[in-house]
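*Asks:* no sequence for this one, just the structure:
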Ligand code: NDP
């Protein structure tokens, strides 16, 4: 019998997740003795005990437990601490190390489109917060537009240029990023169509963080002929970086990508 290290996705819900498919494919292709499952966790305060009791080596964490995962960690990398969101935990010599791989994964995907100097992020939730700080740390100018004002306060305090729909004017961003949940389960656009079309018609690329369906936003970007990627690319890239932590940097990121990418076709 082969001894395998155990990994999982913790969240609520988790039934829809493609993470097990993605990680298990890479374990199999690379010949790493790992197995990845999913764990429905209702109470975030039980995250640490559940992790340790079940004998996991590492986990990913999804909604709504990314803040609880930060509290569960013994050591949190500075970026994850800054955005209050840990989505990867790894047990190393008895200590839980917490990382955020969502934003660096997104950046890895963004770079494949071509040079990006400035972006417009639509949305002001947790995902927008992580992306805005990370992209700025990589030298990209970030502007934020949101449907309503309250959540923009955090961005203003961080020094980002912010707009509500009322004050927004398109002026030519390299990439327009949908970090709202518009289009996730409905057919809404992340901004009124006239504003969105003005922004897209002056942009080079469009990016959506939503995956699993073609959102009205991406349909519009496609109609206008823009190169784009959707949230499955972000999912893949954050998974590659998490896998790198899980396997203690045994492989290059490029090698992990070759092993993992085919899951997109499964
Ligand atoms: P939050 O709930 O924290 O924020 C949601 C944001 O969307 C808010 O700014 C809200 O505006 C805005 N919004 C919601 N509905 C609409 C609408 N109909 N029109 C315009 N704006 C709207 O969500 P998260 O930041 O956690 O997640 C955002 C998206 O990112 C989700 O779709 C999620 O699935 C996706 N995601 C994808 C990942 C991946 O790996 N691909 C990883 C993580 C998240 P307001 O403030 O006015 O309410």
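*Replies:* Perfect, thanks for sending it. Quick caveat, the model's predicted, so the values are computed rather than measured.
*Asks:* mind naming the longest helix for this structure?
*Replies:* In the chain, with assignment by DSSP state H, the single longest helix is helix 231-246.
*Asks:* please enumerate the strands of the protein.
*Replies:* Listed in chain order, the strands of the chain (DSSP state E) span 5-11, 34-40, 58-61, 75-76, 88-92, 95-99, 118-122, 141-146, 161-164, 175-178, 205-208, 228-229.
*Asks:* the first one near the ligand anywhere?
*Replies:* No: judged by CB under 6 Å from any ligand atom, strand 5-11 stays clear of the ligand, getting no closer than 10.8 Å. No exception for glycine: its C-beta is placed from N, CA and C like everyone else's.
*Asks:* spell out which residues of the stretch 151-266 of the chain are next to the ligand.
*Replies:* By CB under 6 Å from any ligand atom, the residues of the stretch 151-266 of the chain that approach the ligand are 151, 179-182, 184, 188, 190, 209-211, 231, 234-235, 238.
*Asks:* buried subset of those residues, written for PyMOL?
*Replies:* In PyMOL, the members of these classed as buried (16 or more other CB atoms under 10 Å) are selected with the following command:
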select buried, resi 151+179+180+181+182+184+190+209+210+211+231+234+235+238
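*Asks:* how about the spatially closest residue to residue 79 that is not a sequence neighbour, what does it touch?
*Replies:* Distance criterion CB to CB, 6 or more residues apart in numbering; nearest residue to residue 79, sequence neighbours excluded, is residue 100 at 5.7 Å. By CB atoms under 8 Å, 6 or more residues apart in numbering, residue 100 lies in contact with 77, 79, 80, 83, 85, 86, 87, 88, 130.
*Asks:* ok, of those, which come out buried?
*Replies:* The neighbour-count test (16+ other CB under 10 Å) applied to those identifies 77, 79, 80, 83, 85, 86, 87, 88, 130 as buried.
*Asks:* coming back round to it: please list the members of the residues of the stretch 151-266 of the chain next to the ligand that lie in helices.
*Replies:* 231, 234, 235, 238.
*Asks:* which of those residues lies closest to the ligand?
*Replies:* Lowest distance from the ligand to these (CB to the nearest ligand atom) belongs to residue 231, with 3.1 Å.
*Asks:* what's residue 101 in contact with, if anything?
*Replies:* Counting by CB under 8 Å, 6+ apart, residue 101 touches 87, 88, 238, 239, 241, 242, 245.
*Asks:* against the ligand, how distant is it?
*Replies:* Between residue 101 and the ligand the distance is 9 Å, computed by CB to the nearest ligand atom, to the nearest Å.
*Asks:* quick revisit: save the ones in helices among the residues of the stretch 151-266 of the chain next to the ligand as JSON lines, and put in pLDDT too.
*Replies:* Shown next, in JSON lines, are these (pLDDT from 0 to 100):
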{"residue": "231", "pLDDT": "94"}
{"residue": "234", "pLDDT": "95"}
{"residue": "235", "pLDDT": "96"}
{"residue": "238", "pLDDT": "97"}
